[in-house]
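Participant: for reference, the sequence and a predicted model appear below.
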Amino acid sequence: MKGIENHNQTNCLIKWTVIAFDFVALWLLLPIVADFIPDAEEWTDDKYRLFWGICTMSMVLAEYWFSSIIHQRMVGAGDILRRGTLLVATQVLLSYLLLRSVRFLYRIGWQLFFLGLALWTVIMLLRFVEREALKRLRRQGFNTRTVTFVGSDEELQRLHQRILSIPSYGYKLRSSYASTAEFLALLGHPEDLRLGDEVYLCVPRRERQLIERTASLCRHRMIKFYYVTTAEEKLNMQPVQMDDLEVMGTYSSPLEDPLNRLLKRLTDILLSVIFLVPTVLLLPFIAVIIKCQSPGPVFFRQRRTGLDGREFWCWKFRSMHVNNTADSQQATKDDPRKFPFGDFMRKTNIDELPQFWNVLRGDMSIVGPRPHMLAHTEQYDKLIDKYMVRHFVKPGITGWAQVTGFRGETRELWQMEGRVERDIWYMQHWSLWLDLRILWMTVKLMFMRDGKAY
């Protein structure tokens, strides 16, 4: 119990330190912003203190609702980006509304937009530095949590590997009981059990006595208890609320909400228009180079599988010589069908630019599972049980699978299985912030050497 108390105190210290740096960033930016406010040079000290106080109070409220979560162990970059953005947006909006109500400050407008942009930039940089510093501390043994695993199922082994293989998560193994019979016997003598701060139990549901006794022991010892479903019983189902009843359904997605679909569609339209403008400007130059290096059309179009399994024409700049295997054979690293400029376009993703027309038409989204050729859809539907689930959402120009190591050629079945798993994960965890994170990771990959980009 003392260990848990110390851990909570450390997390509180980390959280309040991060919040303190946020306020320091705000206070350093306020004098710069004040210099651009009309008639600010005529302000008295009382007027400046009022301006400073309103902006600070707005920050207090924003921190109350959207304070940092980097002290949490397995928090994602997308969650950090989302909360940081909401923090700054709330601070700027509250400051604007309150300052507009003050007679001599009513002319403040674009200055607060500048404050928000500068504050967001500084806070995002702080989050990166703070997160890296916290990871380094945890690698060195500070702010750690001990865990106990009970069971030998493959699902528990996957969890074991996940949380202990990354030192920055700050988890350390306290004990492991592969034999549930041995663990059940020790429950009769709990003083002999070496339990960590968190216990993960993975046994079949029919072992109800073991589950209930372990959960009860953890409650009495103030230990966090987690039950992990075994691989045999894992049905890939999620709870669905029907009035006051809860039932289990397969593969639900936030994009089933009409408002979420509208938000994603508006974002797609905006970004596709932005990207199509330079595409049109580059088109004459790209067309000339393609024509000089390879006879044939400038554009390549192919039937691919889209939303709900419907087919659509997917457009690209042609990057290969005209051939008879385009609809059945994937591109390989040293593919003889590619011409030099086509190879360059594929490595830099320039060949994908016409797909923003597909996005504008509504066939595709900016972010989503990559659309496959019809022959591969038919092939993998027979080999992978969950393959067609990825078509519950629109296909994308880039996706979670592509930025997490499953881009390009799929020589082995496990590669396509990994891609499908990540596509389904994206579908089930969609958010605008996740899309922004994937776009940022895609941009980074464009400037890094990606060995799978061919």
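Facilitator: Here it is on my side, so go on.
Participant: could you list the low-pLDDT ranges of the stretch 251-400 of the chain?
Facilitator: Nowhere does the stretch 251-400 of the chain drop to pLDDT under 70.
Participant: so which residues of it form strands?
Facilitator: Using DSSP state E, counting those that start in this stretch, the strands found in the stretch 251-400 of the chain span residues 299-305, 311-317, 365-367, 396-398.
Participant: looking at those, which is nearest to Q91?
Facilitator: Across the strands of the stretch 251-400 of the chain, Q91 has its closest neighbour in strand 365-367 (28.1 Å, CB to CB). C-beta coordinates here come from the backbone N, C-alpha and C atoms, glycine included.
Participant: list the helices and strands the closest one packs on?
Facilitator: Applying 3 or more CB pairs under 8 Å, 6 or more residues apart in numbering; DSSP states H and E, one finds that strand 365-367 contacts helix 258-293, strand 396-398, helix 432-446.
Participant: that strand: how far from the chain's middle?
Facilitator: A distance of 14 Å separates the centroid of the chain from that of strand 365-367, by CA atoms, centre = their mean, to the nearest Å.
Participant: sheet partners, orientation included, of that strand?
Facilitator: strand 396-398 (parallel) (DSSP bridges).
Participant: tell me which residues in the strand it pairs with are buried?
Facilitator: G396, I397, T398 (16 or more other CB atoms under 10 Å).
Participant: quick check: mean pLDDT of stretch 36-55?
Facilitator: Average pLDDT, stretch 36-55: 74.
Participant: pick the most buried one from the strands of the stretch 251-400 of the chain.
Facilitator: With neighbours taken as mean count of other CB atoms under 10 Å, those reach their highest mean count in strand 365-367, at a mean of 27.
Participant: what would the strands of the stretch 251-400 of the chain look like in a markdown table with distance to D334?
Facilitator: What follows is the strands of the stretch 251-400 of the chain, written out as a markdown table (distance: least, CB to CB, whole Å):
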| stretch | distance to D334 |
| --- | --- |
| strand 299-305 | 20 |
| strand 311-317 | 20 |
| strand 365-367 | 30 |
| strand 396-398 | 24 |
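Participant: which one of those strands lies nearest to W414?
Facilitator: Of all the strands of the stretch 251-400 of the chain, strand 299-305 comes closest under CB to CB, at 21.1 Å.
Participant: buried residues in the helix or strand hosting V420, which are they?
Facilitator: Here V420, judged by DSSP states H and E, is contained in helix 413-428. Within helix 413-428, the residues scored as buried using 16+ other CB under 10 Å are 415-424, 426-428.
Participant: so which of the strands of the stretch 251-400 of the chain comes closest to M57?
Facilitator: strand 365-367 (37.3 Å).
Participant: who's in contact with the closest one?
Facilitator: 264, 267-268, 271-272, 359, 393-400, 426, 434-435, 438-439 (CB atoms under 8 Å, 6 or more residues apart in numbering).
Participant: hmm, back to that, could the helices and strands packed on strand 365-367 be laid out in TSV, adding distance to K224?
Facilitator: As requested, the helices and strands packed on strand 365-367 are exported to TSV (distance: least, CB to CB, whole Å):
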stretch	distance to K224
helix 258-293	31
strand 396-398	37
helix 432-446	26
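Participant: would you mind finding the most buried of the ones you listed?
Facilitator: strand 396-398 (a mean of 25).
Participant: starting from it, tell me the next helix or strand along the chain.
Facilitator: helix 400-403.
Participant: ok so, going back, nearest to M59, of the buried residues of strand 396-398?
Facilitator: Checking the buried residues of strand 396-398 against M59 with CB to CB, the nearest one is T398 at 35.0 Å.
Participant: tell me how far the closest one lies from N349.
Facilitator: Plainly put, T398 is 8 Å away from N349 if you go by CB to CB, to the nearest Å.
Participant: now the common contact residues for those two.
Facilitator: T442.
Participant: hmm, back to that, for the helix holding V420, what is the average pLDDT?
Facilitator: Taken as a whole, helix 413-428 has a mean pLDDT of 90.
Participant: neighbouring contacts of that helix?
Facilitator: 238, 251-253, 255, 367-370, 380, 383-384, 386-387, 389-390, 392-393, 399-401, 404-406, 410, 434, 438.
Participant: ok, 6 Å please
Facilitator: 253, 369, 380, 384, 386-387, 389-390, 393, 400-401, 404, 406, 410 (CB atoms under 6 Å, 6 or more residues apart in numbering).
Participant: tell me what angle that helix forms with helix 432-446.
Facilitator: Interaxial angle, helix 413-428 versus helix 432-446 (axes from the mean of the first three to the mean of the last three CA atoms, to 10 degrees): 140 degrees.
Participant: off-centre distance for helix 413-428?
Facilitator: With CA atoms, centre = their mean as the basis, the mean position of helix 413-428 lies at 15 Å from the chain mean.
Participant: burial count for V247?
Facilitator: If you count neighbours by other CB atoms under 10 Å, V247 ends up with 9.
Participant: which ones are touching L112?
Facilitator: V92, S95, Y96.
Participant: just the CA coordinates for stretch 61-78, please, in PDB.
Facilitator: The C-alpha coordinates for stretch 61-78 follow below in PDB (Å, rounded to 0.1, in the frame of the first residue of the first chain):
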ATOM      1  CA  LEU A  61      -9.900  26.500 -16.200                       C
ATOM      2  CA  ALA A  62      -8.400  25.000 -19.300                       C
ATOM      3  CA  GLU A  63      -5.900  23.000 -17.200                       C
ATOM      4  CA  TYR A  64      -8.800  21.800 -15.000                       C
ATOM      5  CA  TRP A  65     -10.500  20.300 -18.000                       C
ATOM      6  CA  PHE A  66      -7.600  19.300 -20.300                       C
ATOM      7  CA  SER A  67      -4.400  19.000 -18.200                       C
ATOM      8  CA  SER A  68      -1.600  16.800 -19.400                       C
ATOM      9  CA  ILE A  69      -1.700  13.000 -19.300                       C
ATOM     10  CA  ILE A  70       1.900  12.200 -20.100                       C
ATOM     11  CA  HIS A  71       2.400  10.800 -16.600                       C
ATOM     12  CA  GLN A  72       0.100   7.900 -17.600                       C
ATOM     13  CA  ARG A  73       2.200   4.900 -18.700                       C
ATOM     14  CA  MET A  74       0.700   3.800 -22.100                       C
ATOM     15  CA  VAL A  75      -0.700   7.000 -23.300                       C
ATOM     16  CA  GLY A  76      -0.500   7.600 -27.000                       C
ATOM     17  CA  ALA A  77       0.900  10.500 -28.900                       C
ATOM     18  CA  GLY A  78      -2.500  11.100 -30.400                       C
END
